[in-house]
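J.: Build the 3D model from these lines:
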Amino acid sequence: YIYCNSLSTAIDLEGVTSRIPVPVVTPLDVYAECAERYKHIFVIAANCQALAGIERVIKKHNPDSWLSGAALQALVYQIEELLPPEEIVEDLNVRNFLRYFTEMKAEVLILGCTHFPYIYEQIRDAVRVPIIDPGKRMLELLENALNPGLPAGRPGD
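T.: As a prediction, the model looks like this:
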């Protein structure tokens with residue numbers, strides 16, 4: 001179980017998983033499912049490496065998709081300082097930023113950083129599209145991998 005988007009995109013994930021006898025679940029597994037469900041995708045990530053890795057996965061699973069995205073390191077830093085969510089959103093003008101991208105016909109917003117659920121409520125209030133926070137779905141995928149035969153859900157359900 002690798003929860004970090006940046007780590008998931010920085011390593012040779014296929015090489016690692018092919019050499020170990022245990023299931024490995026990362027946020028990238030959730031994004032692959034999203035690519036099959038959505039065509040116009042907006043991603044916010046912590047850094048450009050994670051954003052590029054997420055784009056590779058989405059394009060691999062849906063070559064016809066289009067992706068808009070941004071690396072928001074300043075947002076990560078303020079979250080790590082545990083500033084109040086509303087203060088962070090106001091200081092960095094997050095609502096207007098998110099509205100701009102969702103008005104570009106995005107069908108879904110992917111939270112491509114594990115820090116961003118800290119301001120989930122503020123993000124939810126700013127956009128009118130489904131928001132994919134991969135954490136819950138990753139746990140479901142891990143449970144399914146460890147217990148074959150359980151029914152699988154879909155991202156965003």
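J.: Look at Arg19 and report its pLDDT.
T.: Looking at Arg19, its pLDDT stands at 86.
J.: Then Lys59?
T.: Lys59 is given a pLDDT of 98.
J.: Measure how buried the residue nearest to it when sequence neighbours are not counted is and give me the count.
T.: Counting by CB to CB, 6 or more residues apart in numbering, Lys59 lies nearest to Ser65, which is 6.6 Å off, once chain neighbours are set aside. Any C-beta I mention is one placed from the backbone N, CA and C, and that applies to glycine too. When counting by other CB atoms under 10 Å, one arrives at 18 neighbours for Ser65.
J.: which phi and psi does Ser65 have?
T.: phi -70, psi 160 (degrees, to the nearest 10).
J.: pretty sure it contacts His40?
T.: Yes: the pair Ser65 / His40 is scored as a contact, 7.3 Å apart, by CB atoms under 8 Å.
J.: Spatially nearest residue to the residue positioned nearest the centre of the chain (excluding sequence neighbours)?
T.: Among the residues of the chain, the one closest to the centroid is Gly112, at 3.0 Å (CA atoms, centre = their mean). Using CB to CB, 6+ apart and skipping residues adjacent in sequence, the residue nearest Gly112 is Ala45, 3.7 Å away.
J.: per-residue pLDDT, the residue nearest to the centre of the chain?
T.: 96.
J.: Test my guess that it contacts Ile41.
T.: No: using CB under 8 Å, Gly112 is not in contact with Ile41, being 10.2 Å away.
J.: before we move on, the earlier item: show me what contacts the residue nearest to Gly112?
T.: Shown in contact with Ala45 (CB atoms under 8 Å, 6 or more residues apart in numbering): Asn5, Ser6, Leu51, Ile54, Gly69, Ala70, Ala71, Leu72, Gly112, Cys113.
J.: Buried among those residues? Need that as a selection in PyMOL.
T.: Per 16 or more other CB atoms under 10 Å, the buried members of these correspond to this PyMOL selection:
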select buried, resi 5+6+51+54+69+70+71+72+112+113
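J.: Let's have the contacts of Ala45 in TSV, adding distance to Met138 and secondary structure.
T.: Converted to TSV, the contacts of Ala45 look like this (distance: CB to CB, whole Å; DSSP: H, G, I helix; E, B strand; the rest coil):
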residue	distance to Met138	secondary structure
Asn5	11	helix
Ser6	15	helix
Leu51	19	helix
Ile54	14	helix
Gly69	20	strand
Ala70	22	strand
Ala71	21	strand
Leu72	21	coil
Gly112	13	strand
Cys113	14	coil
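J.: Before I go, just wanted to say thanks for your time.
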